[in-house]
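>>> Sequence and predicted structure, then a few things I'm wondering about:
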Amino acid sequence: MLSTIELLKNETPKKKINVLDLEGKKIKTIPLPKIFLIPYRPDLVKRAFLFMQTSKFQPKGASKLSGHKYSVESFGAGYGMARVARIKGGGVKRMSAAFVPSAVGGRPTHPPKPEKKIKKKLNKMEKILALLSAISMSGNPEIVSKRGHKIGKLKLPIVLTDEIQSIKKSSELKKILEKIGLKEELERCSKKNIRAGKGKRRGRRYKRRVGPLIIVSKDDGIIKAASNIPGLEAITLDELNILHLAPGAHPIRLIIWSESAISNIDKMLEKLK
């Protein structure tokens, strides 16, 4: 795959993409970035997602002294009682079973261990390739639709003028997205369902669909405006990673680019040296 990308560096894409204004009308065309010619690698995307997600986990486990807080001994056979370890000395707990997993206050049977290696590994180059491949996939309507996004007959990638970066009102941003043809997608994300299972009593009672991702080169208010619309998220190009592009390791999320952001993504190819 690296050899393919090396060839892409010297290639000039013939395809053009439309740049839309905030009314959803085409104002000009720009060349398609070379990244969108990179081959589709869902296996790499999934591995990179697991690597990044497990990097956030904290080690957890029972204390090494758990269940070992008493001085105990077994009395052996001939006393008419089980030969388990029992607490020595006086007090209310005298002769009570201890240490063993079957005893009250005994050690855990097979507890989680803090030294367990829970973080997945990934080569640095594979991580970069996964990100580039995910960006490339975002230009394929068939793959984006498979994730559940309602894009209708929209052409991908969707590119808006840099005026989108300075939108500060959520209501204004919602109207813009509806004008470019994403009304059905916003309605899909606005639905709220009750989560099945125990998660609903652990602070995760409701769940929603993950909606479009807006990528801009500079934040002039768009990130806060997008945060108030269910399912919608906005980030700058510098913050982009595989967790944004493939939530749940399912490629690939619907992306809306600002013109300056999509014009700069080919600089990522320079990292592959």
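Yes, it's here. What you see is a predicted model, and the numbers here were worked out from it, not measured in a lab.
>>> quick one: low-confidence parts of the stretch 1-150 of the chain?
1-13 (pLDDT under 70).
>>> Tell me where it has helices.
Along the stretch 1-150 of the chain, the segments classed as helices by DSSP state H, counting those that start in this stretch run 2-9, 42-54, 124-137, 141-146.
>>> Of all these, which one is nearest residue 164?
helix 124-137 (18.5 Å; Cβ to Cβ). Every C-beta, even on glycine, is put in place using the N, C-alpha and C of the backbone.
>>> Who are the packing partners of the closest one?
helix 2-9, helix 42-54, helix 242-245 (3 or more Cβ pairs under 8 Å, 6 or more residues apart in numbering; DSSP states H and E).
>>> Tell me how far it lies from the chain's centre.
Remark: helix 124-137 is offset 14 Å from the chain centroid, using Cα atoms, centre = their mean, to the nearest Å.
>>> Report the inter-axis angle for it versus helix 42-54.
Between helix 124-137 and helix 42-54, the angle comes out at 120 degrees (axes from the mean of the first three to the mean of the last three Cα atoms, to 10 degrees).
>>> List the contacts of residue 15.
By Cβ atoms under 8 Å, 6 or more residues apart in numbering, the contact list for residue 15 reads 31, 32.
>>> Which residue lies nearest the spatial centre of the chain?
Geometric centre of the chain, nearest residue: residue 243, 3.1 Å, by Cα atoms, centre = their mean.
>>> any idea how far residue 179 is from residue 254?
Distance, residue 254 to residue 179, using Cβ to Cβ, to the nearest Å: 16 Å.
>>> ok, those two, which is more surrounded?
residue 254 (24 against 15; other Cβ atoms under 10 Å).
>>> how near is residue 142 to residue 156?
Residue 142 is 10 Å from residue 156, by Cβ to Cβ.
>>> cool, and residue 221?
Residue 221 is 25 Å from residue 156, where distance means Cβ to Cβ.
>>> Same check on residue 235?
The value you get for residue 235 to residue 156, if Cβ to Cβ is used, is 18 Å.
>>> Please apply the same query to residue 24.
Counting by Cβ to Cβ - residue 24 and residue 156 are separated by 15 Å.
>>> before we move on, what about residue 198?
38 Å.
>>> Packed most tightly, which of the helices of the stretch 1-150 of the chain would that be?
helix 124-137 (a mean of 21; mean count of other Cβ atoms under 10 Å).
>>> just the CA coordinates of it, formatted as PDB?
Extracted C-alpha coordinates of helix 124-137, given in PDB (Å, rounded to 0.1, in the frame of the first residue of the first chain):
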ATOM      1  CA  LYS A 124       3.100   4.300  13.700                       C
ATOM      2  CA  MET A 125       2.800   4.000   9.900                       C
ATOM      3  CA  GLU A 126      -0.300   1.800  10.100                       C
ATOM      4  CA  LYS A 127      -1.900   4.500  12.200                       C
ATOM      5  CA  ILE A 128      -1.300   7.100   9.600                       C
ATOM      6  CA  LEU A 129      -2.400   4.800   6.800                       C
ATOM      7  CA  ALA A 130      -5.600   4.000   8.700                       C
ATOM      8  CA  LEU A 131      -6.400   7.700   9.000                       C
ATOM      9  CA  LEU A 132      -5.700   8.400   5.300                       C
ATOM     10  CA  SER A 133      -7.800   5.400   4.200                       C
ATOM     11  CA  ALA A 134     -10.700   6.500   6.400                       C
ATOM     12  CA  ILE A 135     -10.600  10.000   4.800                       C
ATOM     13  CA  SER A 136     -10.500   8.400   1.400                       C
ATOM     14  CA  MET A 137     -13.600   6.200   2.200                       C
END
